[in-house]
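Chemist: Whatever this is, show me its structure:
(2 chains)
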Amino acid sequence: MSKKDLGLLILILVVGAIVAIINPRFLLPINLANTSNLIGLFGILSIGQAFVIITGGIELSVGSVVALLGTLFIDFIAVRELDWPLAFVLIIALGAIIGLVHGWLITRLKLQPFVVTLCGLLIYRGVARFYTADGTAGFAFGQNFPELEFLTAGRSYGVPNSFIALIVIAIVMWVVLHRSVFGRYLYAIGKNEEAAKYSGIRTGRIVMAAYVICGVLTALSAIYFAMYTRSISPASHGQFYELYAIAAAVLGGFSLRGGEGSLIGVILGTVLLQELQNLVNLLGIPSSLNFAVMGGVILIGVLVDQQWGVFRARRLMIDAARKNVAGAPAE
Amino acid sequence: MNYSDTSIAATTPFLSLENVRKTYPGVVALDGFSMEVRPGEVIGLVGENGAGKSTLMKILGGVTTPDTGTITVDGTAHNSLSVEGSLGSGIAFVHQELNLFENLDVAANIFFGREPLRAGPLKLVDRTKLREMVAPLLKRVGANFSADTQVAALSLAQQQMVEIAKALSIKARLVILDEPTSSLPIAETDKLLDVIKALKADGISVIFISHRLHEVERVADRVVVLRDGMLAGTLGKRDIGHDQMVKLMIGRMLKEREKASEAARAPGATALAAKAIRTPTYPSRPVDLDVRRGEILGLAGLVGSGRTELARVFFGIDGSLGGTIELDGKTLVLGSAADAVAQGIFLVPEDRKLTGILLDLSIAQNISLPNLPAHARRSLVSASAETATAEKQKKDLGIKAPSVQTRTGTLSGGNQQKVVLGKWLAMNPKVMILDEPTRGIDIGAKAEIYGLMRALADAGVAVLMISSDMEEVIGVSDRIAVMHEGQISGILDKDRFSQENVLLLAVGKQPK
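Modeler: So this is what the prediction gives:
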């Protein structure tokens, strides 16, 4: 764990302690379970975003994809009555295809990630609303999917299964990002795509793979969100989720220029964001201020981190100068 | 001191430094350094990287304060200069990296921030007056372009003229040129040297910093040599010579050059062959070129003659618009650099920091990058395998760094270049293309890189070296191919090597 991650963890614990002191309900099992469920849902989304951001790209269509794929998933199993494992596979495949198309447009046709995914944001939202004729997708009364519901919205030993899914995915993706050849390529491309290309890396394929990973994880979280809300109005479902994901990555130390950030960081970023949401509810802060609190904390976090960097660089220089004076023979 | 030009010797110096000392944590950058510059005098300032040239420039520019010593400018003694003070007393800099706005025209650049304004509340720029002010400046630097040309459309040498005109516009009395020719092709260099002579004729002093010693030889009235922060010596006009300068710079004579120019070698079989290759820059000009095993083929030519573009095609970065590339007689399809690397065709690119290495990664990570799967088990990177490869290259190449985990961004230019070489040497090169391999590298490291290229050639690798440094091309190559406007204008064998022949071919004429 890097110092940055450790700082973030301490911040999470301090904020948690303060909230718990002011309102002990924070520590109630039901509150912790609810919060960790949300952490699971948003965490999966944010890991996907992190893989794109590490390459220096961005994926803005995440929220709309959550709406579209969530709508489709419920439609598949509730209306078209597909077997849920088949629907599950179809949705994941669709997520991968969306990622592949984005990656292809960005790497082959050299469009800017911001532009491609902004168009995606608009297109998928529109398609989702059209698909249900702006109605709400939901289950009929009495429709039950016991295994699916257990895996997505259930709990094991009191821990939400969505949170357990996040932990499993996080461990796998940690290995991929920090230990694998592919992960090294991602960092290299994020730091300097040209130099990576000149080192014989097929940068296009790697970047495309990052968008596919993002698409797959977004599709997975879309299913989780769908099973969590159980009814989806495509006009508002998943709105601003891309910003939650980006915010989690930024809080977790990712640079939007690429090449910087850790998996633990993005998870901790997600935890802090959800903790703040919870704090707004528990401390009786008007929920209309929700976004303002989040924005304020992110801004302060980024500021402190940057100032801390400046301070440390200065201290290192002073230390070096002192050592030099002490070590030099008397003149 | 020996002045050949007695009229200069008689005048009082415009600038003099006495016993200047500057230390940084851990290093003495300048130690008891003294020099003087007289009006109308051209001083060549040479020294290896790290000899203290940059520190000296920073002191003269007022960016850094010396610890001790006196700086006398135009008769007034100072302990240190400020940026405004330096500018105000007429000291102007033309840096290696030009500070021009490429999207603006020449006139706007020269008077940026000091534009003549029209009367009225809107403070519009008075274009007519601006042009009138710029015209004489451009004339003085011998510019062959007009004041309303966009800077982006100018050649490098022309851009440097704009910088010099800018210096003249603030009534500079001393112009300091920091490595102005390092990125200039031969013909353009001549223009710049002419401008220096014109400045001198106007009584303006010039400090000319360069690694290209034969240029220093041509324009300098006096050469000041720095070594390890100290004045290694001063050479008067009559004593200026390549070997003397090198001797003072490194404290010994350089032997590498003679070693490189041994008798011609027996040519090996053709390794890399270009047949009617058309680069995207010169689509109508097919290129044929053979690089043989065991030879160093120098590729000379003016900047923009299509050499780098050709290298990019060989390395798969750009696609060829026609023709074929063969390696050992087999036709290659190169869709990307990855394809070239898989065939053993490697490139040490021109721009080290942008394309050669990743500054934020460690030496070990840079060296393993092109061959990462070989340093991994089940797709997971093995740090120990990576370290082992890097340690070997560090030792073989003499990379000076605390460890292979050191960030490459903290290394000197020469050591960074060795890391670039190391990442390819750790694999199995068949064809090694080096684009300006010694640009911005000090003389000691240069010699080592020449040695490495020769060792590669001796091991049977086909080496293609692109270089704008005439001494380097002639001293290192076994054969020289010269490009002119996208085509090979001629190939010289060892017995026809001469600066004149290379130059003639470079401008599209027949050699003697």
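Chemist: When you work out contacts or count neighbours from here on, use the C-alpha atoms and nothing else.
Modeler: Fine.
Chemist: show me what contacts the spatially closest residue to residue A:84 that is not a sequence neighbour?
Modeler: Distance criterion CA to CA, 6 or more residues apart in numbering or on different chains; nearest residue to residue A:84, sequence neighbours excluded, is residue A:77 at 5.9 Å. Residue A:77 makes contacts with A:83, A:84, A:87, as judged by CA atoms under 8 Å, 6 or more residues apart in numbering or on different chains.
Chemist: Same check on residue A:26?
Modeler: Each residue near residue A:26 by CA under 8 Å, 6+ apart is listed here: A:19, A:20, A:32, A:282.
Chemist: My read is that the last one contacts residue A:24, right?
Modeler: No - the pair residue A:282 and residue A:24 fails to qualify as a contact (CA atoms under 8 Å) at a distance of 9.2 Å.
Chemist: These two: who's more crowded?
Modeler: Remark: of residue A:282 and residue A:24, residue A:282 carries more neighbours, 17 against 12, as counted by other CA atoms under 10 Å in any protein chain shown.
Chemist: for the stretch 51-200 of chain B, which spans come out with low pLDDT?
Modeler: Filtered on pLDDT under 70, the stretch 51-200 of chain B yields the residue ranges B:182-183, B:185-187.
Chemist: same question, chain A
Modeler: Ranges of chain A meeting pLDDT under 70: A:320-331.
Chemist: Up against chain B, what does it have?
Modeler: A:179-182, A:188, A:191-192, A:194-202, A:320-321, A:324-325 (CA under 8 Å from any CA of the partner chain).
Chemist: thinking again about what came up before, SS state for the residue nearest to residue A:84?
Modeler: helix (DSSP: H, G, I helix; E, B strand; the rest coil).
Chemist: how near is it to residue B:108?
Modeler: 67 Å (CA to CA, to the nearest Å).
Chemist: same thing with residue A:74?
Modeler: Relative to residue B:108, and taking CA to CA, residue A:74 is found at 63 Å.
Chemist: and residue A:259, what does it touch?
Modeler: Neighbours of residue A:259 in contact, by CA under 8 Å, 6+ apart: A:54, A:55, A:56, A:186, A:187, A:188, A:189, A:190, A:191.
Chemist: Which residues of the stretch 251-400 of chain B lie near chain A?
Modeler: Counting by CA under 8 Å from any CA, the stretch 251-400 of chain B sits next to chain A at B:317, B:336-341, B:347, B:354-358, B:360-361, B:369-370, B:372-373, B:376, B:379-381.
Chemist: Just those: which are in strands?
Modeler: Among those, the ones falling in strands (DSSP state E) are B:347, B:376, B:380, B:381.
Chemist: Run a quick neighbour tally on residue A:305.
Modeler: Neighbours of residue A:305 under the rule other CA under 10 Å: 17.
Chemist: quick one: contacts for the spatially closest residue to residue B:406 that is not a sequence neighbour?
Modeler: Distance criterion CA to CA, 6+ apart; nearest residue to residue B:406, sequence neighbours excluded, is residue B:362 at 5.1 Å. Taking CA under 8 Å, 6+ apart, we find residue B:362 in contact with B:404, B:405, B:406, B:407, B:408.
Chemist: for residue A:145, same thing?
Modeler: Not one residue lies near residue A:145 by CA under 8 Å, 6+ apart.
Chemist: Can you name the residue of the stretch 201-350 of chain B nearest to chain A?
Modeler: In the stretch 201-350 of chain B, the residue that lies nearest chain A is residue B:338 (3.9 Å; CA to the nearest CA).
Chemist: And the helices in the stretch 101-250 of chain A, which stretches?
Modeler: Using DSSP state H, counting those that start in this stretch, the helices of the stretch 101-250 of chain A run over A:113-131, A:146-153, A:161-179, A:181-191, A:193-198, A:203-229, A:241-251.
Chemist: Number of residues surrounding residue A:309?
Modeler: Residues lying near residue A:309 (other CA under 10 Å) number 12.
Chemist: State the distance from it to residue A:316.
Modeler: From residue A:309 over to residue A:316 (counting by CA to CA), the distance is 11 Å.
Chemist: now swap in residue B:363 and tell me
Modeler: From residue B:363 over to residue A:316 the distance is 22 Å, taken as CA to CA.
Chemist: Looking at these two, which is more packed in?
Modeler: Legend: neighbour count by other CA under 10 Å for residue B:363 and residue A:316, higher for residue B:363 (34 against 11).
Chemist: What strand or helix carries the closest residue to that one other than its chain neighbours?
Modeler: Excluding its sequence neighbours, the residue lying closest to residue B:363 (CA to CA, 6+ apart) is residue B:404, at 5.1 Å. Using DSSP states H and E, residue B:404 sits in no helix or strand.
Chemist: what's the pLDDT at residue B:364?
Modeler: Among the per-residue scores, residue B:364 holds a pLDDT of 96.
Chemist: Would you map out the domains in the chain?
Modeler: If you meant another chain, say so; for now it's chain A. The record's domain parsing of chain A by automatic domain parsing lists A:3-285, A:287-331.
Chemist: if you could check chain B rather than the one you did, that'd help
Modeler: Using automatic domain parsing, chain B is parsed into the domains B:6-90+B:173-253, B:102-170, B:262-344+B:428-512, B:354-427.
Chemist: Quick one: residues contacting residue 278.
Modeler: No chain was given, so I picked chain A. residue A:35.
Chemist: not quite, I wanted chain B
Modeler: Going by CA under 8 Å, 6+ apart, residue B:278 touches B:284, B:285, B:286, B:287, B:320, B:321, B:322, B:323.
Chemist: For the fifth one, which residues are in contact?
Modeler: Spelled out, that is residue B:320. Per CA under 8 Å, 6+ apart, neighbours of residue B:320: B:277, B:278, B:279, B:280, B:313.
Chemist: Show me the two of the residues you listed that sit farthest apart.
Modeler: Using CA to CA, those span at most 9.8 Å, a distance reached by B:277 and B:280.
Chemist: out of those two, which sits in the busier spot?
Modeler: Neighbour count, other CA under 10 Å: between residue B:277 and residue B:280, residue B:277 has more, with 26 against 17.
Chemist: isn't that one right up against residue B:318?
Modeler: No - the pair residue B:277 / residue B:318 is not scored as a contact, 11.6 Å apart, by CA under 8 Å.
Chemist: What's the local residue count around residue B:450?
Modeler: A count of nearby residues for residue B:450, using other CA under 10 Å, gives 21.
Chemist: elements contacting the strand or helix carrying it?
Modeler: Using DSSP H and E, residue B:450 sits in helix B:443-458. Applying 3 or more CA pairs under 8 Å, 6 or more residues apart in numbering or on different chains; DSSP states H and E, we find helix B:443-458 packed against helix B:256-260, strand B:296-301, helix B:413-425, strand B:462-466.
Chemist: in which helix or strand would I find residue B:175?
Modeler: Element membership for residue B:175 (DSSP H and E) is strand B:174-178.
Chemist: Centre of the chain to that strand, how far?
Modeler: 17 Å (CA atoms, centre = their mean, to the nearest Å).
Chemist: quick revisit: from the contacts of residue A:77, which ones fall inside strands?
Modeler: Using DSSP E, no member of the contacts of residue A:77 falls in strands.
Chemist: Of these, which is the nearest to residue B:230?
Modeler: Of all the contacts of residue A:77, residue B:230 sits closest to residue A:87, with 76.8 Å by CA to CA.
Chemist: right, and the closest one touches residue A:76 too?
Modeler: Yes - look at residue A:87 against residue A:76 with CA under 8 Å: they come within range, at 6.1 Å.
Chemist: Does residue B:508 belong to a helix, a strand or coil?
Modeler: Secondary structure, three-state DSSP: residue B:508 is coil.
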